[in-house]
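>>> Generate a structure from the sequence data that follows.
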Amino acid sequence: MIVVDLETSGGNFEKCGIWQIGAVELEHPENTFLEEARIDDSEEVVNSTHLKNSRPVLEVIGKTEKQLRDKNKQNQKKLLENFFKWCSGIKNRDLICHNPQFDYGFLWFKADKYGLKLPFYHRCFDLHSIAQQKYAQLNGKFLIKEDTSDMGL
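Just a heads-up that it's a prediction; the model follows:
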């Protein structure tokens, strides 16, 4: 299985870009992937927030827009090609993510944009759900605050 985390310039698959991918093979934790890229010129950096209890993207990631557009970095297509090649060497390619619809959604959308084939399966494990279930098992309740999950990474 592949534990993966993406860093992006915002939450919209169509308008924002992937600037970092970090991953580890669960069964062989010494096998890791960590690379950065620049976002495309046409992509946005969404530095405002409309979600409850969230912070602007640049504040969360500790980067500037100039750093996200650094022409000295590889482009996103190359980042995805490198990541997909790394994934291809792993036997069990189910993904484990903190928010799989976000991470898998970005990977799927950008692979389609660049004409790349996803090397992993469509199944994903949600770390947030697994962690909440374990918390409830140990504490007899879910970690909830103001009617929503209060569990972060």
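>>> okay, CA-based contacts and neighbour counts for the rest of this
Fine.
>>> Quickly find the element holding the residue nearest to Leu6 when sequence neighbours are not counted.
Using CA to CA, 6 or more residues apart in numbering and skipping the chain neighbours, the partner closest in space to Leu6 is Ile21 (4.7 Å). According to DSSP states H and E, Ile21 maps onto strand 18-25.
>>> CA atoms only: put the helix or strand following that strand into PDB for me.
Note on strand 18-25: by DSSP H and E, the next helix or strand toward the C-terminus is strand 28-36. This file holds the C-alpha atoms of strand 28-36, laid out as PDB (Å, rounded to 0.1, in the frame of the first residue of the first chain):
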ATOM      1  CA  HIS A  28       8.600  -1.200   3.100                       C
ATOM      2  CA  PRO A  29       8.800   2.200   4.900                       C
ATOM      3  CA  GLU A  30      12.400   2.700   3.700                       C
ATOM      4  CA  ASN A  31      10.900   3.100   0.100                       C
ATOM      5  CA  THR A  32       9.900   6.700   0.000                       C
ATOM      6  CA  PHE A  33       9.100   9.400  -2.600                       C
ATOM      7  CA  LEU A  34       9.300  13.200  -2.100                       C
ATOM      8  CA  GLU A  35       9.500  15.600  -4.900                       C
ATOM      9  CA  GLU A  36       8.400  19.200  -5.700                       C
END
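>>> Now do strand 28-36 against strand 18-25: the angle between them, please.
In terms of direction (axes from the mean of the first three to the mean of the last three CA atoms, to 10 degrees), strand 28-36 departs from strand 18-25 by 170 degrees.
>>> and strand 28-36, which residues are buried?
Buried residues in strand 28-36, counted by 16 or more other CA atoms under 10 Å: Thr32, Glu36.
>>> Likewise for stretch 123-142?
By neighbour count on 16+ other CA under 10 Å, the buried set for stretch 123-142 is Cys124, Phe125, Leu127, His128, Ala131, Gln132, Gln133, Phe142.
>>> now what about it, what contacts it?
With CA atoms under 8 Å, 6 or more residues apart in numbering as the test, stretch 123-142 has contacts from 94-100, 104, 143, 149, 151-153.
>>> Reformat those as a markdown table; add distance to Glu59 and neighbour count.
Shown next, in a markdown table, are the contacts of stretch 123-142 (distance: CA to CA, whole Å; neighbours: other CA atoms under 10 Å):
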| residue | distance to Glu59 | neighbour count |
| --- | --- | --- |
| Asp94 | 31 | 17 |
| Leu95 | 27 | 23 |
| Ile96 | 25 | 23 |
| Cys97 | 22 | 21 |
| His98 | 20 | 20 |
| Asn99 | 20 | 18 |
| Pro100 | 22 | 19 |
| Tyr104 | 23 | 22 |
| Leu143 | 25 | 16 |
| Ser149 | 22 | 13 |
| Met151 | 20 | 14 |
| Gly152 | 17 | 8 |
| Leu153 | 17 | 6 |
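>>> Lovely, talk soon.
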